[in-house]
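In: can you look at this prediction? I've put the sequence above it.
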Amino acid sequence: MGTQVIEHTEHTTAAPGVVHALLRDGAGWPVWSPLDSFTLESPAPGGGEGVGAVRVFRTGRHVSRERIVASVPDRHFAYVLLSGLPLRDYRADVVLTPGGGGTEIRWRSVFRAKVPGTGWVYRWALGRFVRDVVRGLARYAAQNG
């Protein structure tokens, strides 16, 4: 089963710190993304939504559980999918690069489909979803940063 890659880049006029803060605040994701709701299942070892925290997002009947695996202020945020989609090794890395009077947001997701031959379907569907998430994040950060 081949590795699938989704990558979207957007520019926002907001500073990297503003964008990073939005990524770390799971409760805010439903405001600027297609997600319907958020629950913090378990906080990070140091508390809150740092590395190790498990977050649950719902969209319609779909529920996904994710663990934060990297959080470098103003630079990088990453999570892995624990459950919710028939995918293996799903990881999303969001790299924030200052420039152009704001921040470039580069969102890269990598995964393998559990069912052979379905990877392209998930790449297509998740690609659209990730595109909407990144666009929403960029717009919201610019308007509220």
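Out: Nice, thanks for sending it over.

In: can you dump the C-alpha coordinates of stretch 44-52 into PDB?
Out: Output of stretch 44-52 as PDB, limited to C-alpha atoms (Å, rounded to 0.1, in the frame of the first residue of the first chain):
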ATOM      1  CA  ALA A  44      -0.700  16.800  27.800                       C
ATOM      2  CA  PRO A  45       1.500  15.500  30.600                       C
ATOM      3  CA  GLY A  46       2.200  19.100  31.500                       C
ATOM      4  CA  GLY A  47      -1.400  20.100  31.100                       C
ATOM      5  CA  GLY A  48      -3.400  21.700  28.300                       C
ATOM      6  CA  GLU A  49      -3.000  21.000  24.600                       C
ATOM      7  CA  GLY A  50       0.700  20.400  24.400                       C
ATOM      8  CA  VAL A  51       2.600  17.400  23.200                       C
ATOM      9  CA  GLY A  52       0.800  14.200  24.300                       C
END
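
In: need phi/psi at the residue nearest to residue 78 when sequence neighbours are not counted.
Out: Nearest residue to residue 78, sequence neighbours excluded (Cβ to Cβ, 6 or more residues apart in numbering): residue 70, at 3.8 Å. Every C-beta, even on glycine, is put in place using the N, C-alpha and C of the backbone. When read as degrees, to the nearest 10, the backbone of residue 70 gives phi -150, psi 140.

In: burial count for residue 70?
Out: Counted with other Cβ atoms under 10 Å, the neighbours of residue 70 add up to 14.

In: I figured residue 23 hits residue 94, correct?
Out: Yes. Here residue 23 reaches residue 94: they are 6.1 Å apart, a contact under Cβ atoms under 8 Å.

In: show me what residue 87 is bridged to.
Out: Note on residue 87: beta-bridge partners by DSSP bridges are residue 113.

In: separation between it and residue 63?
Out: As judged by Cβ to Cβ, to the nearest Å, residue 87 and residue 63 stand 14 Å apart.
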